[in-house]
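1. Starting from these lines, generate the structure:
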Amino acid sequence: MLYESSRDESLKINPSQAIVQGLSSEGGLFVLKNLGENKIELDKIIGKSYYQIAHQVLKLFLDFTEEEIEACVDNAYKGKFSTEEITPLVELSDSYILELFHGPTSAFKDLGLSLLPQLTKTALDRLEDKDDILILTATSGDTGKAALEGFKDVDKVKIMVFYPNSGVSKVQERQMKIQDGKNVKVCAIEGNFDDAQSAIKEIFVDEKFKEELSRRNVKLSSANSINIGRLIPQVVYYFKAYSDLVVSGKIKRGDKVNFVVPTGNFGNILAGYYAKKIGLPVNNLVCASNANNVLYDFLTEGVYDRNRDFLKTISPSMDILISSNLERLLYYLTDGDNTYVNSLMTDLKEKGKYQISAELLAKLQGDFIAGYATNEETAKVIKEVYEKEGYLLDTHTAVGYKVLLEQELDGPSIVLSTASPYKFTGSVYESLFGQIEEADEFKLLVDLHEKTRVKIPSNLENLDKKEVLHNDLISKEEIAQYVAEKLGDLS
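-> Presented below is the predicted three-dimensional model:
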């Protein structure tokens, strides 16, 4: 089993190397050429536990032994989530909500980032690699805390997380700034998520920088969904949701369903595409964007153009104009045409845009539907769903729900709920009860609970009472220098 670069078919490595390396040496993403050649039999996942389904999915993507996969899954999830179901499915009157926020940091990123450290450790053992790993991660809010929590105090791994100053919620920021661990570093940057992600990608292809790290016996890797080891675990919950619908009698085995996915970096919805490719009966994958609707334009017109204003919205984890995982989708849409994908990525870097053919667009629209929501529409949906269903959506899930309401889809629809509403308390509170004047977001967290009686996740309680351990702020141009200088502080 070999992965290759999305931009150069001559660059081939095994799954363990792909997980440890994260990103290909020339900037491409690792892809499995024969994705879909082997499929999951539905009989093997219907009625099974999350752990059992994860085992079935992972063995299609990894060359680990059965015992290694089982150990990775058990160590990642057992006792770490607030429910044994891991990702419970909640029925509303017109759809289903797949709750992906019951992990250690109350965001869907926990599903991938609880497992990635286990996969990384196993991969290092298989490779007999003696070097340390330095994880560099850009975050629009949720990946950062989930990665920090997953990798803290893991032997032979150091992690640095960069987030946009004033570009995440107060709760998200506090979660990161209080992070303990001897091997972790958190830093804000003056800029947005795309600035941080682009700077980190440049480090990954900087040979001089990597040579310097090599002299210090350190290798680079990533915890973003550009790392295949982060993306693969997200395929699992699509199968688990389908199994739950069959077991409950809502659908018959083989019936097709729709998944509505709040989307920024395109990793979460790409995991749904992978699930479809390996045998899950999916009708439509609905890509839901906020006002930074670069993906909506691409999926409807075939033009990807990041030359536009970057907007700060009430769904900040989706405030992204460069959706990295789209590159993997382009690889599969073009039947593995690495040269063409490379040309598109070159156009994106040099011109800020690219366009695909009408034929490719039609192929794309065979799997994907797109929509978007403004701040006002998002807030309206939060209020309407709470009043009608008694269910409290976060601002990102509300984007998905609003987009679903615009569609006429065949079969049941499942909206992926990507975070607890308490991670975006101010915006959720204002959506329900009207505008407030510069209220303390941590006090609002308690007020929101008292008014809705929705339980506050234990990891979000008393955040403001915990000691701040990270206060660094730098420009985006200083990221590489910061990494070099601070690496020695981590053990």
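2. distance of the nearest residue to Tyr331 once chain neighbours are set aside from Tyr296?
-> Leaving aside its sequence neighbours, Tyr331 sits nearest to Ser6 (Cβ to Cβ, 6 or more residues apart in numbering; 4.4 Å). Where you see a C-beta, it was placed from the backbone N, CA and C, and this is true even at glycine. Distance of Ser6 to Tyr296, computed by Cβ to Cβ, to the nearest Å: 23 Å.
3. The two: which has the busier surroundings?
-> It is Ser6, of Ser6 and Tyr296, that has more neighbours when counted by other Cβ atoms under 10 Å, with 27 against 19.
4. isn't that one right up against Leu329?
-> No. At 9.7 Å, Ser6 does not count as touching Leu329 under the criterion of Cβ atoms under 8 Å.
5. Run a quick neighbour tally on Lys80.
-> Quick note: Lys80 (other Cβ under 10 Å) scores 15 neighbours.
6. quick one: contacts for it?
-> 103-104, 110, 114 (Cβ atoms under 8 Å, 6 or more residues apart in numbering).
7. again, 6 Å this time
-> By Cβ atoms under 6 Å, 6 or more residues apart in numbering, Lys80 lies in contact with 104, 114.
8. next one: the one 3 residues further on
-> Thr83 sits next to His102 when contact means Cβ under 6 Å, 6+ apart.
9. would you say it is within a strand?
-> No. Judged by DSSP: H, G, I helix; E, B strand; the rest coil, Thr83 forms no part of a strand; its state is coil.
10. Run through the strands of the stretch 1-150 of the chain in chain order.
-> 3-5, 12-13, 30-32, 89-91, 96-99, 132-138 (DSSP state E, counting those that start in this stretch).
11. Need the contact partners of the second one.
-> It stands for strand 12-13. In contact with strand 12-13 (Cβ under 6 Å, 6+ apart) are residues 2-4.
12. again, but for the longest one
-> With Cβ under 6 Å, 6+ apart as the contact definition, strand 132-138 has outside contacts at 147, 151, 156-162, 196-197, 200, 218-221, 223-224.
13. who does that strand pair up with?
-> Strand pairing for strand 132-138, determined by DSSP bridges: strand 157-164 (parallel), strand 218-221 (parallel).
14. Present the strands of the stretch 1-150 of the chain as a markdown table; the columns should include distance to Leu487 and mean neighbour count.
-> Shown next, in a markdown table, are these (distance: least, Cβ to Cβ, whole Å; neighbours: other Cβ atoms under 10 Å):
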| stretch | distance to Leu487 | mean neighbour count |
| --- | --- | --- |
| strand 3-5 | 26 | 23 |
| strand 12-13 | 25 | 16 |
| strand 30-32 | 25 | 24 |
| strand 89-91 | 43 | 16 |
| strand 96-99 | 38 | 23 |
| strand 132-138 | 7 | 24 |
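15. Go through stretch 21-38 and flag the buried ones.
-> 21-24, 27-33, 35 (16 or more other Cβ atoms under 10 Å).
16. what does that stretch rub up against?
-> By Cβ under 6 Å, 6+ apart, stretch 21-38 touches 3-8, 11, 18, 60, 204-205, 221-222, 226-228, 277, 327-328, 331, 336.
17. got a pLDDT number for His102?
-> Note for His102: predicted pLDDT of 98.
18. What of Val168?
-> 92.
19. and what of Gln197?
-> Reading off the model, Gln197 has pLDDT 88.
20. Now do it against Val20, distance only.
-> Distance from Gln197 to Val20, by Cβ to Cβ: 20 Å.
21. again, but for Ala71
-> Taking Cβ to Cβ, one finds Ala71 at 18 Å from Val20.
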